[in-house]
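Q: Starting from these lines, generate the structure:
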Amino acid sequence: MADYHVELLHKKDYKTTEWSGGLTTELSIAPEGSVYADRDFMWRLSSATVELEESDFTSLPDYDRIIMTLKGDISLSHNNDNWIDLPEFTPHAFDGGDETASKGKVIDFNLMLRKGRCTGHVVPLRMEEGEGCDIRSILTFEMPEYEAVMIYCYKGTLAVTLDNGENYRLEDGDTLKLTGRFDKAGWSCSAETVVAAVVSAVHYQ
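A: Just a heads-up that it's a prediction; the model follows:
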């Protein structure tokens, strides 16, 4: 049975820091109070600007990662292997301990997951004005219960209705964060404008 907490986060709620290649905005981290630099988090959701044409990713051997670009195309090479070309809104999962190099100036979206403790998914959501969808059609993978689901609205205006009848309106940069234990039945969303968004889900093992 659904039993979850809902937060609507705005740009003012996020933490932005500099890194060697640009800026990183932390959208959410768990457990609350965890510090990225201390590597004490279970999972972390973030968006970064990559302002260098070529850069190297920070080594995170204790984490699995999923990356997807929101603006621009990127190419990645893991452990000096062949380059992988990733167009916009194409999720790519890899081991955070890999030696990873990138090419391309982009805005990206990242989900980091502690190995052996949690699993997750990142699903792009692009909708035309007036289009609607059921969240069940987005979260098609097999995860019977979720500890966290985040809907990040990169561009546009997205209306979300939950199974309890509550309605939320997401604008550019907003994140609807749901945490607890629940299934995915009964959620719907509709685009009030052209929308580019991301749905992420995390399940503790």
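
Q: The helix or strand hosting residue 23: what's the following helix or strand?
A: Residue 23 is part of strand 22-30, with elements assigned from DSSP states H and E. Stepping forward along the backbone from strand 22-30, the first helix or strand reached (DSSP H and E) is strand 43-50.

Q: Let's see that next one as CSV, backbone CA atoms only.
A: What follows is strand 43-50, C-alpha atoms only, in CSV (Å, rounded to 0.1, in the frame of the first residue of the first chain):
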residue,chain,number,x,y,z
TRP,A,43,22.4,7.6,-3.8
ARG,A,44,22.8,11.1,-5.4
LEU,A,45,21.0,12.8,-8.2
SER,A,46,22.7,15.8,-9.9
SER,A,47,23.0,17.8,-13.1
ALA,A,48,26.3,19.2,-14.3
THR,A,49,27.6,21.5,-17.0
VAL,A,50,30.7,20.2,-18.8
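
Q: Give me the angle between it and strand 22-30.
A: Strand 43-50 and strand 22-30 are oriented at 170 degrees to each other (axes from the mean of the first three to the mean of the last three CA atoms, to 10 degrees).

Q: So which elements touch the strand holding residue 23?
A: strand 15-19, strand 43-50, strand 146-155, strand 175-182 (3 or more CB pairs under 8 Å, 6 or more residues apart in numbering; DSSP states H and E). For the C-beta atoms, the positions are set from N, CA and C on the backbone; glycine is no exception.

Q: what's it in contact with?
A: 9, 14-18, 36, 41-52, 148, 150, 152, 175, 177, 179, 202 (CB atoms under 8 Å, 6 or more residues apart in numbering).

Q: Show me how far that strand is from its chain's centre.
A: 10 Å (CA atoms, centre = their mean, to the nearest Å).

Q: Please identify the buried residues of that strand?
A: Within strand 22-30, the residues that qualify as buried are 22, 24-30, counting by 16 or more other CB atoms under 10 Å.

Q: can you list the helices and strands packed on strand 22-30 in a markdown table and add distance to residue 127?
A: Output for the helices and strands packed on strand 22-30, formatted as a markdown table (distance: least, CB to CB, whole Å):
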| stretch | distance to residue 127 |
| --- | --- |
| strand 15-19 | 27 |
| strand 43-50 | 19 |
| strand 146-155 | 11 |
| strand 175-182 | 15 |
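
Q: Looking at those strands, which is nearest to residue 96?
A: strand 43-50 (10.8 Å; CB to CB).

Q: What helices and strands are in contact with the closest one?
A: strand 22-30, strand 106-114, strand 146-155.

Q: so who does the closest residue to residue 59 other than its chain neighbours touch?
A: Sequence neighbours aside, residue 97 is the residue nearest to residue 59 in space, at 6.2 Å (criterion: CB to CB, 6 or more residues apart in numbering). By CB under 8 Å, 6+ apart, residue 97 lies in contact with 59-63.

Q: Which of those residues fall in helices?
A: Among the contacts of residue 97, no residue falls in helices (DSSP state H).
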